[in-house]
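Participant: generate coordinates for the sequence data below:
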Amino acid sequence: MTYLVTGATGSVGRHVVDELLRAGHPVRALTRDPARAALPEGVQVVRGDLGRTETLAPALDGVTGVHLIDVGGANYAPLPNGQEIADLLARSGVRRVTLLSGWAPGTLEPAVTGGDLEWTYVQPTEFMANALAWTESVRAGGVVEEPFGATRTAMVHEADIGAVIATALTEDGHAGRSYGLTGPELLDMPAKVRVLGEALGREIAYVELAVEQMRERYRAQGVPEEMIAFQIEAFGEVPEGAYRVTPTVEQVIGRPPRTFRQWAEEHAEAFL
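Facilitator: The predicted structure is shown next:
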């Protein structure tokens, strides 16, 4: 029973690959550039692009389960060919699918959930890996500059997301479920920065950006206006208590989710 992992070189996909390998499953990884994949020994790396349905058929030969991501192309735009992908999976004999939600609604989720595939929809809250965006400012000036300082979110470790996905792909009882994933604690921005500083053994300052400062920075980085608006809606225009801790990770994989302190200690070298 071979499993195909799309987005296998991403922050979550790599953990899905690792979890499947640890469980002894044959793993095939889809990537646009196999030469740069740098995936573990034993993974069959194949070339393909989710945004081009015609490139996927060879990768699906003999595959029983597929992990999908609902983004493709530049700036993580939602896939436009979701129905084509779902139809191809069904024709290829794929039985089980996990789908990692994207930042905006696309065509893949309704196509997958509306068909006969055994699907599990995985919707994480804020990734802990998003904190890697602070590496340059922490190294250079010991500072994190972000908006929405008071918004408390339950960041989730990408390895826990990968473990949930691998479990849903390989074990019964998850078909037709939508899993909202969080970490074990709610933290505002000052608390996140404090935890990171303690893990690094140095003091890090937090500077709160105004929304317009955030817009200017993102625009300079080439971030699309739609994604900027999504960030404001997701983290700025939220009522008190909008984000809550869920028990889903532990319910699915049988252990508590990792804390942000654990993540910071694991990734400390990136900030030094």
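Participant: switch to C-alpha atoms for all contacts and neighbour counts from now on
Facilitator: Fine.
Participant: how much space separates Tyr76 from Pro147?
Facilitator: With distances taken as Cα to Cα, to the nearest Å, Tyr76 is found 22 Å from Pro147.
Participant: between those two, which one's more packed in?
Facilitator: The neighbour count for Tyr76 versus Pro147, taken as other Cα atoms under 10 Å, is higher for Pro147 (20 against 15).
Participant: what's the burial count for the nearest residue to that one once chain neighbours are set aside?
Facilitator: Nearest residue to Pro147 in three dimensions, chain neighbours excluded: Leu209, at 4.4 Å (Cα to Cα, 6 or more residues apart in numbering). Neighbourhood size, Leu209 [other Cα under 10 Å]: 16.
Participant: what's Leu209 in contact with, if anything?
Facilitator: Residues in contact with Leu209 (Cα atoms under 8 Å, 6 or more residues apart in numbering) are Glu145, Glu146, Pro147, Phe148.
Participant: what about those, which are in strands?
Facilitator: Under the assignment DSSP state E, the contacts of Leu209 contribute Glu145, Glu146 to strands.
Participant: as a markdown table, the contacts of Leu209 with pLDDT and distance to Arg202 would be great.
Facilitator: Shown next, in a markdown table, are those (pLDDT from 0 to 100; distance: Cα to Cα, whole Å):
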| residue | pLDDT | distance to Arg202 |
| --- | --- | --- |
| Glu145 | 96 | 17 |
| Glu146 | 95 | 19 |
| Pro147 | 95 | 22 |
| Phe148 | 94 | 23 |
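Participant: and the furthest pair within the contacts of Leu209?
Facilitator: Distance extremes for the contacts of Leu209: the farthest pair is Glu145 and Phe148 at 10.2 Å, using Cα to Cα.
Participant: wait, Gly106 touches Tyr76, no?
Facilitator: No - judged on Cα atoms under 8 Å, Gly106 makes no contact with Tyr76 at a distance of 11.1 Å.
Participant: if you count contacts, what does the helix or strand of the chain with the lowest mean pLDDT end up packed against?
Facilitator: Least confident helix or strand, the chain: helix 225-235 with a mean of 88, by mean pLDDT, DSSP states H and E. Packing partners of helix 225-235 (3 or more Cα pairs under 8 Å, 6 or more residues apart in numbering; DSSP states H and E): helix 211-220.
Participant: which residues are contacting the helix it packs on?
Facilitator: Under Cα under 8 Å, 6+ apart, the answer for helix 211-220 is Glu146, Pro147, Glu225, Ile228, Ile232.
Participant: now do 10 Å
Facilitator: Here helix 211-220 makes contact (Cα atoms under 10 Å, 6 or more residues apart in numbering) with 145-148, 208-209, 221-225, 227-229, 231-232, 236.
Participant: what number of residues lie near Leu30?
Facilitator: Quick note: Leu30 (other Cα under 10 Å) scores 25 neighbours.
Participant: so where do the helices sit in this protein?
Facilitator: 13-22, 82-91, 108-113, 135-141, 158-170, 189-200, 211-220, 225-235, 248-253, 260-266 (DSSP state H).
Participant: now these in CSV, with distance to Ala242?
Facilitator: CSV is the format used below for the helices of the chain (distance: least, Cα to Cα, whole Å):
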stretch, distance to Ala242
helix 13-22, 28
helix 82-91, 30
helix 108-113, 24
helix 135-141, 28
helix 158-170, 21
helix 189-200, 15
helix 211-220, 19
helix 225-235, 10
helix 248-253, 17
helix 260-266, 19
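Participant: quick one, which of these is nearest to Val97?
Facilitator: Relative to Val97, the nearest member of the helices of the chain by Cα to Cα is helix 158-170, separated by 6.6 Å.
Participant: circling back: least reliable of the helices of the chain going by mean pLDDT?
Facilitator: Lowest mean pLDDT of the helices of the chain: helix 225-235, a mean of 88.
Participant: could you write out the alpha-carbon coordinates of that one in PDB?
Facilitator: In PDB, the C-alpha atoms belonging to helix 225-235 read as follows (Å, rounded to 0.1, in the frame of the first residue of the first chain):
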ATOM      1  CA  GLU A 225      -3.600  42.000  -1.700                       C
ATOM      2  CA  GLU A 226      -5.900  39.100  -1.100                       C
ATOM      3  CA  MET A 227      -3.500  37.400   1.300                       C
ATOM      4  CA  ILE A 228      -2.900  40.600   3.100                       C
ATOM      5  CA  ALA A 229      -6.600  41.000   3.600                       C
ATOM      6  CA  PHE A 230      -6.800  37.400   4.800                       C
ATOM      7  CA  GLN A 231      -4.100  38.000   7.400                       C
ATOM      8  CA  ILE A 232      -5.900  41.100   8.700                       C
ATOM      9  CA  GLU A 233      -9.200  39.100   8.900                       C
ATOM     10  CA  ALA A 234      -7.600  36.100  10.500                       C
ATOM     11  CA  PHE A 235      -5.500  37.800  13.200                       C
END
